[in-house]
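Asks: Need a 3D model of the following:
(chains A and B)
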Protein chains: 2
Amino acid sequence: MADNITLAIDAMGGDHAPAMVVEGIALAAAERSNVNYLLFGNEQEIAPLLDRFPAAKAVSSVRHAEDVVLDDDKPAVALRGRRASSMRLAINAVNDGEADGIISAGNTGALMAMAKFVLKTLPGIDRPAIATYFPTQRSESVMLDLGANVECDANNLVQFAVMGEVFARNVLGLKNPSVGILNIGAEDLKGNSEVKEAATILQEAHLPIKFHGFVEGDDIGAGTVDVIVTDGFTGNVALKTAEGTAKLFSKSLKDALTSSPLAMLGAFIAKPALNRLKQHLDPRRYNGAMFLGLNGICIKSHGGTDAFGFAHALQVAHDLINKSINESIKEDFKKVQADIESHKQAAVGQ
Amino acid sequence: MADNITLAIDAMGGDHAPAMVVEGIALAAAERSNVNYLLFGNEQEIAPLLDRFPAAKAVSSVRHAEDVVLDDDKPAVALRGRRASSMRLAINAVNDGEADGIISAGNTGALMAMAKFVLKTLPGIDRPAIATYFPTQRSESVMLDLGANVECDANNLVQFAVMGEVFARNVLGLKNPSVGILNIGAEDLKGNSEVKEAATILQEAHLPIKFHGFVEGDDIGAGTVDVIVTDGFTGNVALKTAEGTAKLFSKSLKDALTSSPLAMLGAFIAKPALNRLKQHLDPRRYNGAMFLGLNGICIKSHGGTDAFGFAHALQVAHDLINKSINESIKEDFKKVQADIESHKQAAVGQ
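Replies: Numbers count the residues shown, from 1 in each chain, chains lettered A, B, ... in the order given. As a prediction, the model looks like this:
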């Protein structure tokens, strides 16, 4: 990977696109100078925005796209019908070697379907997973899958474990990251057959992975393990439940601190500390879900995010490219694949 | 139901039993005078505790039990081998008509297995569900199942919807409670076949239920619906994820408010408001998970709770008995069962 990075951007994806996209690029450009951006989208809409943000204009080129993927497009329909869309052309740019990664704040299902079709999966990976990292009581953890695969078999979960571990080690910079499978009890006897079989494979195969065993929902916030492996249905519910609980707590705190003149005075005095807290738990700082397992870097930004959040998603793409995450996943998979295969047979035969 | 209520208590279940059980009864007795308690457990351990809490002693009788269910007993093993345990004898007391409900802070799986075996399910209910209610941005909601059934078919989910709605109407006192099925997207096309089929039945059958459709994880804290229906695996993960996130937030807030002398001063001035917030979100106030669908009231207290939390679980049992929840579930089920059956055939045939 060259020192100079080129990112392909779906400039039309997201509730506040393309304005927040261009402003996000301006914020990111202020942070690092070695990145160029290929903006795919409506030229007439994007050009005046670039004039308003010269920092973005200096590092961007625009590629006109006639079409856009809509939020309610079904993945299969978008895949067949939106070949001239900003999202599809941006993905193509990665496949053509023009860009090192693609970022979109558009339709998640369509992005996954198109990226999988165009970029294909890495050798040994049956299905890509959506992953994100988030704050915990200890530091930061990564969880996958967050919704790409509603149903997963044991083999999928084991592959997620390998990819998550590579991410935690290479991108989060953890020495010997621990991996847990999300379940409804720490005991071996609980859970569905998929998680039990995946745990058996991870326990018995001699993978270079620190497998912790099962974890429960409250271990996510506690930071009990560095990598949490789960199917896309459970992971999506868990992530959104955490977001909803954080919002409930924030709102309750705000209500409490504006409930009386005395409370308002206390909040005013404690404001610097409260602002640091707000900043630490700001969901925009964790924006940018990674599609791990694809033969190309693909990042999904939250659709409702603003320029600050979008700039963070750009940062995630940058980190994954810089740390050559896909090279590492490929290498690690080559090492463990035979061992996984043999234990897969054993686990199923039990 | 008579005005006087008798509750059977597994006095040996829970990390701090039997001390917190007896103290919990003393707290509950101070609140209401028309409840008597049958304490099942080790007489030698319980007697001196009752001497320390005369308020509990005045309303309690002790029934000696030789055995206890251990935390790591497998449900099937406890069911066969622990017939002389405090838990089993307390459940028997409900079946024998000696008590109106049973409360235990012991092994959840064993409690469910024994309660199901002894009390049986209500007519029309295939499987009981674990339910609890919790604070939301709007008010309070109830969610079920929280772990009794790792895998649920559409029919189970529809039954949970009926039971949850009865609870919300009769015990939470809501006029026309709304019901949602937990999924990974609000669109009809998302999710696994079980949730889609359950939604079809609830949409097309003309049940007297306000069915909202699908909800996502963040709708739990938002309070988008009054009743959240899900399988036991997803529900357990969601509930514990919410607990873990609340703990993360509490700890981060505490850290922020003790991070500097100024922050500490602000927190001191805002203390009354912060205490009210703490009280509002205190998990002990929501202690007491209900086993809905059994032919008898059975409440599971959190194993790690204290006397205050246990007193709240007693209160939940009291509320369910007082509102004749099982009579209402039976009546409602009689009304809707034929309609559910006919639409079940239709949904499967689609």
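Asks: Centroid-nearest residue for chain A?
Replies: Residue closest to the mean C-alpha point of chain A, counted by CA atoms, centre = their mean, is A:A289 at 1.6 Å.
Asks: and the gap between that residue and chain B?
Replies: In this view, A:A289 and chain B are 13 Å apart by CB to the nearest CB, to the nearest Å. Where C-beta positions appear, they are placed from N, C-alpha and C, glycine not excepted.
Asks: what sits against that residue?
Replies: Neighbour list for A:A289: A:130-132, A:146, A:299-302 [criterion: CB atoms under 8 Å, 6 or more residues apart in numbering or on different chains].
Asks: Tell me the one of those nearest A:E43?
Replies: Proximity of the contacts of A:A289 to A:E43 (CB to CB) peaks at A:S301, which lies at 21.5 Å.
Asks: hang on, the earlier thing: who does the residue nearest to the centre of chain A bridge with?
Replies: A:K300 (DSSP bridges).
Asks: how close does it get to A:I299?
Replies: Plainly put, A:A289 is 7 Å away from A:I299 if you go by CB to CB, to the nearest Å.
Asks: ditto for A:N156
Replies: Distance, A:N156 to A:I299, by CB to CB: 21 Å.
Asks: same thing with A:G14?
Replies: 12 Å.
Asks: ok, now A:A148?
Replies: Per CB to CB, A:A148 is found 14 Å from A:I299.
Asks: what's the overlap in contacts for those two?
Replies: By CB under 8 Å, 6+ apart, the residues touching both A:A148 and A:I299 are A:F291.
Asks: Between those two, which has more neighbouring residues?
Replies: More neighbours surround A:A148 than the other of A:A148 and A:I299, with 28 against 24 (other CB atoms under 10 Å in any protein chain shown).
Asks: sec struct for the more buried one, please.
Replies: Under DSSP: H, G, I helix; E, B strand; the rest coil, the three-state class of A:A148 is coil.
Asks: and it, what is it in contact with?
Replies: By CB under 8 Å, 6+ apart, the contact set of A:A148 is A:112, A:127-130, A:232, A:291.
Asks: just curious, which of the residues you listed is nearest to B:N236?
Replies: A:G232 (17.3 Å).
Asks: Hmm, that closest one is touching A:M143, no?
Replies: No - using CB atoms under 8 Å, A:G232 makes no contact with A:M143, being 10.9 Å away.
Asks: In terms of neighbours, single out the busier of the two.
Replies: Each of A:G232 and A:M143 has its neighbours counted (other CB under 10 Å); A:M143 has more, 26 against 22.
Asks: Nearest residue to that one in space, ignoring adjacent ones along the chain?
Replies: In this structure, A:M143 finds its nearest non-sequential neighbour in A:I228, 4.2 Å apart by CB to CB, 6 or more residues apart in numbering or on different chains.
Asks: now the one you found, what's its secondary structure?
Replies: The three-state label given to A:I228 by three-state DSSP is strand.
Asks: Please apply the same query to A:I181.
Replies: Quick answer, by three-state DSSP: A:I181 is strand.
Asks: Name whatever forms a beta bridge with it.
Replies: When assigned by DSSP bridges, A:I181 has beta-bridge partners A:F214, A:V229.
Asks: shaky segments in the stretch 151-300 of chain A?
Replies: Applying pLDDT under 70 to the stretch 151-300 of chain A picks out residues A:186-189.
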